[in-house]
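K.L.:
model the following, please.
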Amino acid sequence: MKALLTSELKARLPDLYEQELATDPIVHAKFFFPGGSWIWFVTEGRPQGDDFLFFGYVIGMEAEWGYFSLKELEDVNISGWTIERDQDFKPAELSLCLLGLAASIAEKLAANQRSRTRRH
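P.N.:
Below is the predicted model of the structure:
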């Protein structure tokens, strides 16, 4: 399993509340659950005791801003599925991350529709 929190990410991640007033904060990392549709867009974080506390935009059962810890993410293991960090992710404004996600979903839906059309 690749590390969710690398030393490079830790060094560039703004401290909690540093982007609090930003209308379109920069997302510095993207975590996801490959066995489902959960995504964590990380905007800030700081060490907290022997853990690391993140803040960001989470898309799961709902889409909302919230805090989540490294330990919480690392403890997820559902039938061998664990949380992963998007290795190819480049920091970007949240709005661009959400547009990219929407485009990816639209592309998958269109491919699925083409596949269904060919079978009939």
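K.L.:
quick check: which ranges of this structure have low pLDDT?
P.N.:
Where the chain drops to pLDDT under 70, the residues are 1, 117-120.
K.L.:
for it, which segments are assigned as helices?
P.N.:
Here the chain has its helices, by DSSP state H, at 7-12, 70-75, 94-119.
K.L.:
most tightly surrounded among those helices?
P.N.:
Most buried of those by mean neighbour count (mean count of other CB atoms under 10 Å) is helix 70-75; its value is a mean of 15. (C-beta placed from N, C-alpha, C; glycine too.)
K.L.:
packing partners for that helix?
P.N.:
Applying 3 or more CB pairs under 8 Å, 6 or more residues apart in numbering; DSSP states H and E, we find helix 70-75 packed against strand 51-59.
K.L.:
contacting residues for residue 94?
P.N.:
Neighbouring residues of residue 94 by CB atoms under 8 Å, 6 or more residues apart in numbering: 24-27, 41, 43, 57.
K.L.:
just the buried ones out of those residues, please.
P.N.:
25-27, 41, 43, 57 (16 or more other CB atoms under 10 Å).
K.L.:
and of these, the nearest to residue 90?
P.N.:
residue 27 (9.5 Å; CB to CB).
K.L.:
distance-wise, check that closest one relative to residue 34.
P.N.:
19 Å (CB to CB, to the nearest Å).
K.L.:
over to residue 51?
P.N.:
Counting by CB to CB, the gap from residue 51 to residue 34 is 23 Å.
K.L.:
same question for residue 109.
P.N.:
Residue 109 is 19 Å from residue 34, by CB to CB.
K.L.:
and residue 78, by the same measure?
P.N.:
Residue 78 is 10 Å from residue 34, by CB to CB.
K.L.:
follow-up on the earlier one: now, the most widely separated pair of the buried ones among the contacts of residue 94?
P.N.:
Of all pairs in the buried ones among the contacts of residue 94, the most separated under CB to CB is 26 and 57 at 11.6 Å.
K.L.:
which residues do the two both contact?
P.N.:
43, 94.
K.L.:
appreciated, that's everything.
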